[in-house]
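Trainee: curious how this folds, go ahead:
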Amino acid sequence: MPMRISGLILVILLLSCSVSGALAAEDGGDYIHISTMQVRFSGTDATVDLFYDLDFFGDMYVFALGSRHLKPEFEGFFYDFEEFKVLELGRSHSRFLLKNVSRESENFYLHDEKKLGRQVGSLVVIYPAGPSKAMGSVDSIPNLFYEKQ
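Mentor: Presented below is the predicted three-dimensional model:
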């Protein structure tokens, strides 16, 4: 009998997490807050690290069903990019590869502004030569250029 009660509680918990996660996704993804986005350029590509916090229900949803369920949220976030690949998904950090985000022009690479699917608390751009540039509260990666290595 105690085994049946444990099973019933587990099923109820999973259902409530599924429903709350689905409701959060319908509300425009308000269950996730992206605090920092680091963009590291390399040639025409960029590697992006996102650091974020999930609200309680989003965290429980990911805990119960796995971080792979965050992928649609990030696909919407990177909607303005043509080639997007998930390298790592986690509960507070994820890494992505964005292909062909810049174009070559003589001695430089040019990156045209790309919109993001939501506001980011802090954007840190890391250039191939090493220096970085930090910007607060953005909803796009602005026009940038960097030297070829």
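Trainee: show me the contacts for Val62.
Mentor: 21, 54, 69-70, 91 (CB atoms under 8 Å, 6 or more residues apart in numbering). Using the backbone N, CA and C atoms, a C-beta is placed for each residue, glycine as well.
Trainee: isn't Lys133 up against Ile141?
Mentor: No. With contact defined as CB atoms under 8 Å, Lys133 does not count as touching Ile141 (11.1 Å).
Trainee: so these two - more neighbours on which side?
Mentor: Ile141 (24 against 12; other CB atoms under 10 Å).
Trainee: how close does the nearest residue to the more buried one once chain neighbours are set aside sit to Ala134?
Mentor: Of all residues beyond its chain neighbours, the one nearest Ile141 is Lys114 (4.9 Å), with distances taken as CB to CB, 6 or more residues apart in numbering. Going from Lys114 to Ala134 by CB to CB, to the nearest Å gives 18 Å.
Trainee: one more: Asn100?
Mentor: In this view, Asn100 and Ala134 are 25 Å apart by CB to CB.
Trainee: ok so, going back, joint contacts of Lys133 and Ile141?
Mentor: Applying CB under 8 Å, 6+ apart, one finds that Lys133 and Ile141 are jointly contacted by Val125.
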